[in-house]
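K.L.:
what follows is a predicted protein model with its sequence.
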Amino acid sequence: MKNQNTTEVIPKEKVSHLHFPLQDTLAETSKRAERARMLHRATGLGNLERRKVHIIFEDRDGLKEVYTTIWAVNRGRVVLKEGRMIPTHRVHAVRIE
């Protein structure tokens with residue numbers, strides 16, 4: 001399913017089958033800092049309140065979005081339920097509702 005921004009919405013189960021380039025999706029230092037703040041905040045909400053967030057990220061085929069709980073952010077990875085991971089450098093944004 002794709003929304004008006006051509007972001008493919010996927011289930012979290014599909015994340016482990018994706019391939020991620022090594023380049024960071026964000027060029028500006030300020031945007032990288034904002035991404036880190038949002039991931040930290042989303043991790044707290046996931047652990048304390050079991051709240052889900054929208055993670056917009058990019059694999060080698062384009063933009064994806066997953067709605068899930070973030071369990072941890074460590075070693076350059078966003079850890080989701082059941083050990084699924086998204087490289088932090090491939091995250092464009094985190095939307096908290």
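P.N.:
In hand now; what should we look at? Because the structure is a prediction, the values reported are computed rather than measured.
K.L.:
excluding its backbone neighbours, what's nearest the most centrally placed residue in the chain?
P.N.:
For the chain, the residue nearest the mean C-alpha position is Ile55 (3.8 Å; C-alpha atoms, centre = their mean). Distances taken as C-beta to C-beta, 6 or more residues apart in numbering place Val66 nearest to Ile55, at 5.2 Å, with adjacent residues excluded. No exception for glycine: its C-beta is placed from N, CA and C like everyone else's.
K.L.:
and that neighbour, how many residues sit next to it?
P.N.:
22 (other C-beta atoms under 10 Å).
K.L.:
tell me what the closest residue in space to Arg77 that isn't next to it in sequence is bridged to.
P.N.:
The shortest distance from Arg77 to any non-neighbouring residue, by C-beta to C-beta, 6+ apart, is to Met85 (4.4 Å). Per DSSP bridges, the residues bridged to Met85 are Val79.
K.L.:
tell me how many other residues crowd Met85.
P.N.:
Counted with other C-beta under 10 Å, Met85 comes out at 18.
K.L.:
please tell me how far it sits from Val73.
P.N.:
10 Å (C-beta to C-beta, to the nearest Å).
K.L.:
and for those two, which residues touch both?
P.N.:
Val79 (C-beta atoms under 8 Å, 6 or more residues apart in numbering).
K.L.:
coming back round to it: right, and the helix or strand after the helix or strand containing the residue nearest to the centre of the chain?
P.N.:
In the assignment (DSSP states H and E), Ile55 maps to strand 53-59. Using DSSP H and E, the next helix or strand after strand 53-59 towards the C-terminus is strand 62-68.
K.L.:
circling back: and the residue nearest to Ile55, what is it in contact with?
P.N.:
Counting by C-beta under 8 Å, 6+ apart, Val66 makes contact with 9-12, 15, 54-55, 57, 80, 86.
K.L.:
could you check the pLDDT of it?
P.N.:
pLDDT, Val66: 97.
K.L.:
low-confidence stretches in this structure?
P.N.:
Along the chain, the model assigns pLDDT under 70 to residues 1-5.
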